[in-house]
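# Need a 3D model of the following:
(one chain, ligands or ions: 1)
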Amino acid sequence: MSKPVILTGLRANNDLHIGNYLGALLPMVDMAREKGGEYQVNLFIPDLHSFTTPIDHDKLQAGIMQNLRVFAAAGLPLDNPDVHIYRQSYVPAHSELTWILDCFTGLGEMSRMTQFKDKSGSLGDDRISLGLFNYPVLMAADILLYCAEYVPVGDDQSQHLEFTRDIAERLNSRFGDLFVLPKSVKEQHEFFNKDQGLRIKDLADPSKKMSKSDDTGKGVIFMTDSPDEVRKKIMSATTDSIGKVAHDYDKQAGVANLLDILQLFGGNPDDFIGQDQYGPLKTAVAEAVADFLAKFQADLAKVDDQAILTKLAASEEQMNLQANVTLLKVQKAVGLRA
Ligand code: TYM
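You can find the predicted model right below:
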């Protein structure tokens with residue numbers, strides 16, 4: 001890795017939604033466009049992460065291809081040699097490093113991960129997989145193999161980023177300088193020019209984040225939703241009975257979420273603050289999102305699958321070379337290789 005690395009992954013077990021787009025994909029695409037040349041940009045599909053909770057395995061291949069198309073439609077410059085797209089399972093070093101890191105990870109520290117607590121909460125003991133339990137370790141391997149310093153993620157993944165720093169430091173202090181630490185969450189936000197990790201809320205239940213795993217999909221705006229679906233979901237978004245538009249995450253989570261979405265899609269929340277009705281705000285959000293998605297979907301329909309497949313093959317070859325350099329260093333340090 002001759003250039004500093006910016007890296008992120010988006011799982012392919014359901015369609016991507018606007019939370020994924022705003023929280024992770026857009027910062028990556030912006031960086032690739034503005035800083036490709038100065039940085040190496042890795043945008044990958046963590047396919048091994050896809051079934052930490054149960055999925056329909058027959059749909060995984062189609063989901064992976066669809067996500068790759070979404071990356072291209074979002075403007076990822078595939079012709080830039082510093083930009084790489086790849087599938088995690090095509091670079092076996094991810095799994096190998098995970099096992100090694102597992103052996104230096106405590107049961108206690110994995111049990112404390114909020115994502116694990118949230119996701120396992122709805123499953124019975126026998127349905128909570130070990131994969132769900134230790135997926136932050138695989139995520140750490142994803143980052144450390146490429147010495148990635150900048151990792152744009154939504155707020156829900158910040159704890160895993162901190163874990164990545166912890167495990168890297170732990171091995172570095174025991175075995176010497178093996179890993180480059182990703183920047184702290186605070187430094188990430190400075191780099192990506194944000195005050196905080198993004199957490200777009202579910203429209204129907206703004207006490208929880210918008211999530212791919214939501215079964216009803218009622219409060220989730222998928223990147224493939226039609227303008228009519230978008231309008232319907234936004235116009236029926238849950239608000240409150242206060243009856244005055246204000247940006248208050250505690251008392252008016254639904255309204256604050258709508259104001260955030262409006263701003264992120266180019267509207268001006270100040271036009272609505274103080275109004276006595278929520279209808280005009282909802283209409284403005286619905287129009288801003290529907291317009292954006294109409295254009296995005298037109299680009300999606302034009303994506304060239306062959307260009308994606310060619311890029312994928314080239315990136316996967318290169319990523320295996322890069323990842324194996326780090327893996328060998330670690331294997332030597334822990335005594336697996338002479
Ligand atoms: P995943 O696939 O669940 O989500 C992909 C990205 O979208 C962000 N995100 C959100 N951001 C804002 N508001 C929301 N409502 C919202 N929902 C999701 C997530 O924070 C994430 O950045 N473990 C990761 C994937 C992964 C990864 C990695 C990421 C695997 N290895 C290495 C970075 C580096 C995940 O499950 O994301």
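
# Give me the distance between the closest residue to I45 other than its chain neighbours and the ligand.
Among residues not flanking I45 along the chain, R87 sits closest, at 4.8 Å (CB to CB, 6 or more residues apart in numbering). Glycine gets a C-beta too; all of them are placed from N, C-alpha and C. From R87 across to the ligand, the span is 12 Å (CB to the nearest ligand atom, to the nearest Å).

# what do you get for N172?
19 Å.

# Could you tell me the average pLDDT over the helix or strand encompassing that residue, please?
N172 belongs to helix 158-175 when assigned by DSSP states H and E. In this model, helix 158-175 carries a mean pLDDT of 97.

# same deal with stretch 325-333?
98.

# in that stretch, what's buried?
By 16 or more other CB atoms under 10 Å, the buried positions in stretch 325-333 come out as 326-327, 330-331, 333.

# Same list, the residues you listed, but as JSON lines with distance to K295 and secondary structure please.
Putting the buried residues of stretch 325-333 into JSON lines (distance: CB to CB, whole Å; DSSP: H, G, I helix; E, B strand; the rest coil) gives the following:
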{"residue": "T326", "distance to K295": "39", "secondary structure": "helix"}
{"residue": "L327", "distance to K295": "42", "secondary structure": "helix"}
{"residue": "V330", "distance to K295": "45", "secondary structure": "helix"}
{"residue": "Q331", "distance to K295": "48", "secondary structure": "helix"}
{"residue": "A333", "distance to K295": "49", "secondary structure": "helix"}
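
# C-terminal to the helix holding N172, what's the next element?
For helix 158-175, the following helix or strand on the C-terminal side (DSSP H and E) is helix 185-191.

# quick one: contacts of that following helix?
Helix 185-191 is contacted from outside by 150-153, 158, 161-162, 182-183, 195-197, using CB atoms under 8 Å, 6 or more residues apart in numbering.

# Just the C-alphas of it, formatted as PDB.
What follows is helix 185-191, C-alpha atoms only, in PDB (Å, rounded to 0.1, in the frame of the first residue of the first chain):
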ATOM      1  CA  VAL A 185     -13.700   7.900  15.500                       C
ATOM      2  CA  LYS A 186     -13.200  11.600  16.200                       C
ATOM      3  CA  GLU A 187     -10.400  11.900  13.600                       C
ATOM      4  CA  GLN A 188     -12.600  10.000  11.100                       C
ATOM      5  CA  HIS A 189     -15.400  12.500  11.500                       C
ATOM      6  CA  GLU A 190     -12.900  15.400  11.100                       C
ATOM      7  CA  PHE A 191     -11.500  13.700   7.900                       C
END
